[in-house]
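Asker: Okay, here's the prediction I keep looking at, along with the sequence it came from:
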Amino acid sequence: MLGISGTATTLLLLILGATVRADEPTTEEQMAANLGMSKFLVHFSRFACPESPSTGDKAECVAYGYQPVTDAFAKNEFPPIWVPVAGVSNDTEGYQKFLSINGSVPNIAPKGVNGVPTPNLAYDAAKDPDCWWTNTQCVTPKHDGVKADIADVPEPKTLGYGFDDGPYCGHNEFYNFLTSKGQKATMFYIGSNVVDGPLQAQRAVKDGHELCVHTWAHPSMTALTNEQVFGELWYTIKAIKLVTGVTPTCWRPPRGDADDRVRFIAQSLGLDTIMWKYDSFDWEQGTNGVTPADVQNNYNKLINDAKSGVLNSRGAILLTHELSNYTMQTAVDNYPKLVEAFDYIVPVGVAYNKTNPYAETSVTQPSFAQFAAAHGGPPAPSGSASSSPKSASGSPPAPSASGVKLDNSNSTKANNHSGAVTVRLQLPATILAFVGLAMTFAV
């Protein structure tokens, strides 16, 4: 896998940034929009131009075949990976479902094109008519019939624990660590990663983690059409179901980019929207001037708030990532501090007594009372659901080298389904040209 250095990523941003007119006065709102665009491009570059896997990950990250996925792609049941979904008109079931809800979707215009936000977009942040999280961190919808986001947890001194952007091909040591601590988490999986790493996804279910949707190709969701928003969620749900046997009922928008239009489409697919109020910014380390010390300070803010009583009424959700060895190692390093600061660390669904995390009611997780009772809290009520989830068929990947310490290099997604080369060639020509020029200058 061809890697791309930080220099190349910076050059990519400079080239793309040059397309934005710099000769006009810049308002505070425009500055915020430009910063959002730069963060989007950095995040995009880490998926479109992943670095090579570290030495410890190479065995786990070798591409492999998985017949159900191979067969599904042969039948054109999924779109190209790592490209924003164009539509669902070729999927009879999906298209009929989309048509059944499209007439009820709030009338909100897309805030970009094909998953790329519009720079300097004029928006009335004071009125915030769309409840646009990216602009105002709004989590209480303005349109009738749209469910509110989950941004914290109702239980005091409790952490809703989860990780975005998985399954990462080299996550075995991290998952081994979580298992060794008896720790379950909410995993927000990208559909393209699921079909690339089906055995890794199966392990999450086997280990008892809660799976949620994190879109097919990680675009900015408000910058898509209604049908594209639907497709990003639809195909990720299908991929997780195909590989693990479970149908998720929760999701998280990449970079939190959601408005009432996007929320409504998600809830029409049975998905609760999960946000956060504390952000580690671990994914941003090494870019935009973000250092490991900055990331640690973000962890420390949460830990200190928990210790000082800020979270004594309601708990918190922290945004972290299963994106690289750096992000996973940082999670491992901070886990003892989180355990010390919080009374309970649970998947988000457990904090909300969501004992059936999937559409398949045969798979269960404990209520919060059950979890608390098992960890020294008050006893759970009688007749509560079982806490033992059933795993999907298929063997999980074999554990990697023993030990908890992870290789501390900043590697990202490395294994690819056999269609990956074709997919990368199907990226928009403009972006391909910029990426190609950036890689020319990579060191």
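Answerer: Perfect, I can see it now. Residues are numbered from 1 along each chain as shown.

Asker: rest of the way, CA atoms for contacts and neighbours
Answerer: Fine.

Asker: Let's see the pLDDT reported for Thr70.
Answerer: Looking at Thr70, its pLDDT is 98.

Asker: quick one: what helix or strand has it in it?
Answerer: For Thr70, the element it lies in under DSSP states H and E is helix 67-74.

Asker: Name the next helix or strand following that helix along the chain.
Answerer: Under the assignment DSSP H and E, the closest C-terminal helix or strand after helix 67-74 is helix 92-102.

Asker: Strands of the stretch 201-350 of the chain, start to end?
Answerer: Ranges of strands in the stretch 201-350 of the chain, per DSSP state E, counting those that start in this stretch, are 210-213, 250-251, 272-273, 278-279, 316-319, 344-346.

Asker: tell me what the fourth one is packed against?
Answerer: It stands for strand 278-279. For strand 278-279, the contact count by 3 or more C-alpha pairs under 8 Å, 6 or more residues apart in numbering; DSSP states H and E identifies helix 292-308, strand 316-319 as packing neighbours.

Asker: do the third one as well
Answerer: With contacts defined as 3+ C-alpha pairs under 8 Å, 6+ apart, the packing partners of strand 272-273 are strand 250-251, helix 260-268.

Asker: Can you convert these into TSV and add a column each for mean neighbour count?
Answerer: Shown next, in TSV, are these (neighbours: other C-alpha atoms under 10 Å):
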stretch	mean neighbour count
strand 250-251	26
helix 260-268	25
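
Asker: How far off centre is stretch 264-280?
Answerer: Relative to its parent chain, stretch 264-280 has a centroid offset of 11 Å by C-alpha atoms, centre = their mean, to the nearest Å.

Asker: Straight-line length of that stretch, end to end?
Answerer: End-to-end distance of stretch 264-280 (C-alpha to C-alpha, to the nearest Å): 28 Å.

Asker: Start at 33, not 1
Answerer: Got it, the first residue is 33 from now on, which makes the last one we talked about stretch 296-312.

Asker: Just want the phi and psi numbers for the residue most central in space within the chain.
Answerer: Nearest to the centroid of the C-alpha atoms of the chain, with distances taken as C-alpha atoms, centre = their mean, sits Asp196, at 3.4 Å. Dihedral pair for Asp196: phi -90, psi 160, per degrees, to the nearest 10.

Asker: Roughly how far does it sit from Leu303?
Answerer: Asp196 sits 16 Å away from Leu303, going by C-alpha to C-alpha.

Asker: can you check Val227 too?
Answerer: Going from Val227 to Leu303 by C-alpha to C-alpha gives 20 Å.

Asker: Counting neighbours, go ahead and name the busier of the two.
Answerer: Comparing Val227 with Leu303 by other C-alpha atoms under 10 Å, the one with more neighbours is Val227, at 29 against 22.

Asker: Okay, and that one sits in which element?
Answerer: helix 223-228.

Asker: What is the burial count for Asp326?
Answerer: Summarising burial for Asp326: neighbours were counted as other C-alpha under 10 Å, giving 16.

Asker: hang on, the earlier thing: for the helix holding Val227, enumerate the helices and strands it packs against.
Answerer: Helix 223-228 packs on strand 194-198, helix 258-276, going by 3+ C-alpha pairs under 8 Å, 6+ apart.

Asker: Tabulate the CA atom coordinates of the shortest one in PDB.
Answerer: Extracted in PDB, the C-alpha atoms of strand 194-198 (Å, rounded to 0.1, in the frame of the first residue of the first chain):
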ATOM      1  CA  GLY A 194     -16.900   4.100  22.000                       C
ATOM      2  CA  PHE A 195     -14.600   4.400  19.000                       C
ATOM      3  CA  ASP A 196     -15.200   5.600  15.500                       C
ATOM      4  CA  ASP A 197     -13.800   4.600  12.100                       C
ATOM      5  CA  GLY A 198     -13.400   0.800  12.600                       C
END
